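K.L.:
Got a sequence here, can you model it:
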Amino acid sequence: MSLVALRILALLALILLVWNPASSRVLPSGNEPIVLVDASLSMSGAPWRAALDSARAQTGGGGRRGAVVWRFGTHVSMFDTTPPADGATRLAPALEAAASRAGEVIVLTDGAVDDVDKIPPDLLRRPRVIVTPRPSFWDAYVASVEGARHLTRGDTVRLRVSYGTAGKREGGRGNGKAALVVSVGGRRLTAQGVSLPDSGILETSITLPASRFPIPGWQVLEVRLDGAGDREPRDDARLFALDVSSEPAAVILASPPDWESRFLAKALSDVARVPVKMFVETERGHWRDAATLAPVAHADLNRAASGARLVVVIGDPERTQSLTASVHASRLVWQTNGQSGDWYVEPPLSSPLTAALSGVLWDSLPPATAVAVSTRDTTNAMVALTARLVRRGPARPIVTLAQHNGAREATVTAAGLWRWAFRGGAAEQTYRTLVAGLVDWLLGEQGAESRERAVPETFEVPNGLPLVWRWMSSAEPRPLVLTLKTSNETRVDTLRFDAARRAELLLPPGIYQYALSGGSERGVVAVEDYSDEWRPRAPTIAPQPGEATARLASIGLRDRWWLFVIAIAALATEWALRRRQGLP
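P.N.:
Reported below is the predicted structural model:
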C-alpha cells in the first residue's frame, strides 16, 4: 500500500508541475521597484557617482527588494556601471516601458531632460524623481556651423557660425572677448575676433578662399572658440565637412533666375553630392555668380560649361543657346515660361525614372503652375512624366529623356515644381527623388543603378549620438560592410537597414574616412567631442514623491521549489522500497 501511495504522490506532483496553476498576491508598492538611471553625458563625474549610490540604496543593498534597474538616454537599456555615454536625455521611452508594470518607478537624473514637454502628464506624475543637479559653472560654446558642402578651388568658403554662453559668469573668468579659429588637419587657416554675449547665442560669418585647402577632396574643418576662459573645453569646437574639387561637376545657367532655379540648385547639390556652380542672368546679356553676384564674363561661362559633366539650363533656353551650343556634356533643360494654370502631375510612365518614383501619392502634390510646349526635338524622346490641366483634357509631357549626338538630355517643361520642396515632408522627398533620378540617368551609364546605395544623412554628429545612414538605391535594402579609417586605426562594421531604410552606427569621437564594400561610395564622416549635454542647462524636471501603486504578483507552482523536492523524494523512496522487496 505504501508503494501505491508514493506512486500517487509522485504523479500528483508531476501533474501539478505540468499544469503549473498560478496564485496571485498583492505586493507592497515599494516591492520590486523600477529604477531609471540617467546615462547621458551630462551625468559624467560626480552626478554619475551620486546616481550609482542612490541606485544601490534604492535596491536595498544587493537587490533585497528585487529592483529592476534600467539606463536611459538616447535609448533604454539594461543597467551597467560603465560611464554615461548617451548624447541626449530622453525620459519618455523609459517611462512608457515602465508603465507596463505596476509598482514604484524611481528616476535618478540631473534634471536636464530633453523631452519633458512630450511626456503625458499622468505618466510624468507617476515616478518618484530624485535630482542630483550638476555644479553651476559658466560656459562658452560653438553652437553650430553651416555652409555649402561642395565647392571648387576657385570658390569662397562661407561659414555661418553660431556661438554663445550659458551659466553664471564667475568673477575674473572671461573678459567678453574671444576668437573663432578655423583649421583643417591641425593647420590654421584663419581667425576672427568676436564678442561673447552675456547669455544666449550670436551668429557671425567667416569667409576664406577654398584654394587654402592643401589638397582637393573631402576636408573636415574645425571651428574653435579660443580665449573664452570657460571651464568646459569639450563644447568649444565644432566640425564641418566639405568637398573641394578642381572644377564644378554641374553648372546651372538661370535666365531669368527665380524660385525654381534656387530650389533646384540646393536639391542638385544635396542629391548629386557634387560641386554645383550657378550663374544667373540678372539683365539681358549680363551674367553674375549666384553666390557672390560678381559679374562673370562670357568666356568664363563658356569655360565653366565646357568643363562640367552636367549643364542645367533653367528659365528660357533660347537666352542661353549661344553659351551651350558647343557643350557636349549631359544636359538638363528646364523651361518655366509656359501656359499658366493648375497642372496636376500624373503617375509616371515606363521609363528609367519609374522605379525611383514608384509609391508616390501624386494626388497629394501641389500642381505645377505652368507647362510649356518643348521647342526641343522630341521625336525619339521617352516620356517619363505627364500632367493635365485641372485634371481634364489631354495629358501633356512635362519630363522627357532623349539622347543627341551621344550625349544624354532631359527636358522638363513644368514650372512651380519647387513648391513640392517648399511644402516639406513627402512632397519634398518626391522633388528630391525626381532630381536625383534625372541626375542618375544623365550622369550614369545604368540609370538609377549608378546612384550611391547608401549615404550618411549628416556628415557630422555630436558625441553620443549615432550616425544615421539612408538607403538610396531603388533596389531592396541589404546589409553593407562599412570600412572606417582614422589616422591610427581601421574598423569594419555592417550597416543593417530597417523598414524605413535607415541604419544607425554609434562611433567614438573622431574623423573617419569611409568606404562601402562592393561599390564606389567614398567619403568622410566625423563624430565630434561636442555635445549639447556638456552645456549648463536649467533643470526641466523637479524632484517629486511620485504616485506608486501596489503591484499584483502572479506566482506559479513551478516557482515553488518544495514541489520539485516532493516529486523527486516520492520517486526515489518508491525505487528504494522496490529494491528492498526484490520487485522490478
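
K.L.:
What is the burial count for residue 406?
P.N.:
6 (other Cβ atoms under 10 Å). Where C-beta positions appear, they are placed from N, C-alpha and C, glycine not excepted.

K.L.:
ok, now the one 5 residues further on?
P.N.:
Neighbour count for residue 411, taken as other Cβ under 10 Å: 25.

K.L.:
In contact with it, which residues are there?
P.N.:
Listed by Cβ atoms under 8 Å, 6 or more residues apart in numbering, the contact partners of residue 411 are 332, 333, 334, 335, 374, 376, 378, 381, 399, 400, 402.

K.L.:
The second one falls within a strand, correct?
P.N.:
Yes: Residue 333: assigned to a strand according to DSSP: H, G, I helix; E, B strand; the rest coil.

K.L.:
Now find how far off-centre the lengthiest helix in the chain is within its chain.
P.N.:
Using DSSP state H, we find that the single longest helix of the chain is helix 561-581. The chain centroid and the centroid of helix 561-581 are separated by 64 Å under Cα atoms, centre = their mean, to the nearest Å.

K.L.:
What are the buried residues along that helix?
P.N.:
Using 16 or more other Cβ atoms under 10 Å as the burial criterion, the residues of helix 561-581 that qualify are 563, 566, 567, 570, 571, 574.

K.L.:
got the contact list for it?
P.N.:
With Cβ under 8 Å, 6+ apart, helix 561-581 has contacts from 2, 3, 6, 7, 9, 10, 13, 14, 16, 17, 557, 584.

K.L.:
Among those residues, which has the minimum pLDDT value?
P.N.:
Across the contacts of helix 561-581, the smallest pLDDT goes to residue 584, namely 68.

K.L.:
so residue 165 makes contact with residue 142?
P.N.:
No: between residue 165 and residue 142 there is no contact under Cβ atoms under 8 Å: 11.1 Å.

K.L.:
related to what we said a few turns ago, residue 394: which of the buried residues of helix 561-581 is nearest?
P.N.:
Closest to residue 394 out of the buried residues of helix 561-581 is residue 563 (82.1 Å), distances taken as Cβ to Cβ.

K.L.:
Please, where are all the helices along the chain?
P.N.:
Going by DSSP H, the chain shows helices at 2-19, 46-58, 92-98, 121-125, 259-272, 298-307, 321-324, 354-357, 418-423, 425-443, 561-581.

K.L.:
Which of those helices comes out lowest on mean pLDDT?
P.N.:
helix 321-324 (a mean of 76).

K.L.:
mind saving the C-alpha coords of that helix as PDB?
P.N.:
Output of helix 321-324 as PDB, limited to C-alpha atoms (Å, rounded to 0.1, in the frame of the first residue of the first chain):
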ATOM      1  CA  GLN A 321      21.600  78.900 -76.600                       C
ATOM      2  CA  SER A 322      24.800  80.700 -77.500                       C
ATOM      3  CA  LEU A 323      26.500  79.500 -74.300                       C
ATOM      4  CA  THR A 324      25.600  75.900 -74.600                       C
END
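
K.L.:
Just list whatever residues bridge to the most centrally placed residue in the chain.
P.N.:
When Cα atoms, centre = their mean is applied to the chain, the residue found nearest the centroid is residue 468 (4.6 Å). Using DSSP bridges, the bridge partners assigned to residue 468 are residue 504.

K.L.:
Please determine how far it is located from residue 458.
P.N.:
7 Å (Cβ to Cβ, to the nearest Å).

K.L.:
before we move on, back to that, take the buried residues of helix 561-581 and write them to CSV, including distance to residue 532.
P.N.:
Below are the buried residues of helix 561-581 laid out as CSV (distance: Cβ to Cβ, whole Å):
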residue, distance to residue 532
563, 55
566, 60
567, 59
570, 65
571, 64
574, 70
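
K.L.:
can you give me the strands for the stretch 201-350 of the chain?
P.N.:
Along the stretch 201-350 of the chain, the segments classed as strands by DSSP state E, counting those that start in this stretch run 217-226, 237-245, 250-255, 276-283, 286-289, 295-296, 310-315, 330-335, 339-345.

K.L.:
As CSV, these with mean neighbour count, distance to residue 412 and mean pLDDT would be great.
P.N.:
Below are the strands of the stretch 201-350 of the chain laid out as CSV (neighbours: other Cβ atoms under 10 Å; distance: least, Cβ to Cβ, whole Å; pLDDT from 0 to 100):
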stretch, mean neighbour count, distance to residue 412, mean pLDDT
strand 217-226, 19, 31, 92
strand 237-245, 21, 26, 90
strand 250-255, 25, 13, 89
strand 276-283, 21, 16, 88
strand 286-289, 16, 22, 89
strand 295-296, 15, 25, 89
strand 310-315, 25, 9, 90
strand 330-335, 23, 4, 90
strand 339-345, 18, 11, 92
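
K.L.:
And these: which comes nearest residue 94?
P.N.:
Counting by Cβ to Cβ, and looking across all of the strands of the stretch 201-350 of the chain, nearest comes strand 237-245 at 29.3 Å.

K.L.:
Now do the closest one against strand 217-226, angle only.
P.N.:
If you take axes from the mean of the first three to the mean of the last three Cα atoms, to 10 degrees, strand 237-245 sits at 150 degrees to strand 217-226.

K.L.:
Strand 237-245: partners in the sheet, and parallel or antiparallel?
P.N.:
strand 150-152 (parallel), strand 217-226 (antiparallel).

K.L.:
Which one of those lies nearest to residue 32?
P.N.:
strand 217-226 (48.5 Å).

K.L.:
For that closest one, give me every contacting residue.
P.N.:
Outside strand 217-226, the residues that reach it (Cβ under 8 Å, 6+ apart) are 140-142, 145, 159, 161, 163, 178-185, 189, 191, 194, 206, 213, 236-245, 511, 513, 523-524, 526.

K.L.:
what do you get if the cut-off is 7 Å, keeping everything else the same?
P.N.:
Outside strand 217-226, the residues within contact range by Cβ atoms under 7 Å, 6 or more residues apart in numbering are 140, 142, 145, 159, 161, 163, 178-184, 213, 236-244, 511, 523-524, 526.

K.L.:
All the strands of the stretch 401-550 of the chain, residue numbers only.
P.N.:
Going by DSSP E, counting those that start in this stretch, the stretch 401-550 of the chain shows strands at 407-412, 414-415, 454-456, 460-461, 467-471, 480-485, 490-495, 502-505, 510-516, 522-527.

K.L.:
Is it correct that the residue nearest to the centre of the chain is in contact with residue 501?
P.N.:
No: at 10.7 Å, residue 468 does not count as touching residue 501 under the criterion of Cβ atoms under 7 Å.
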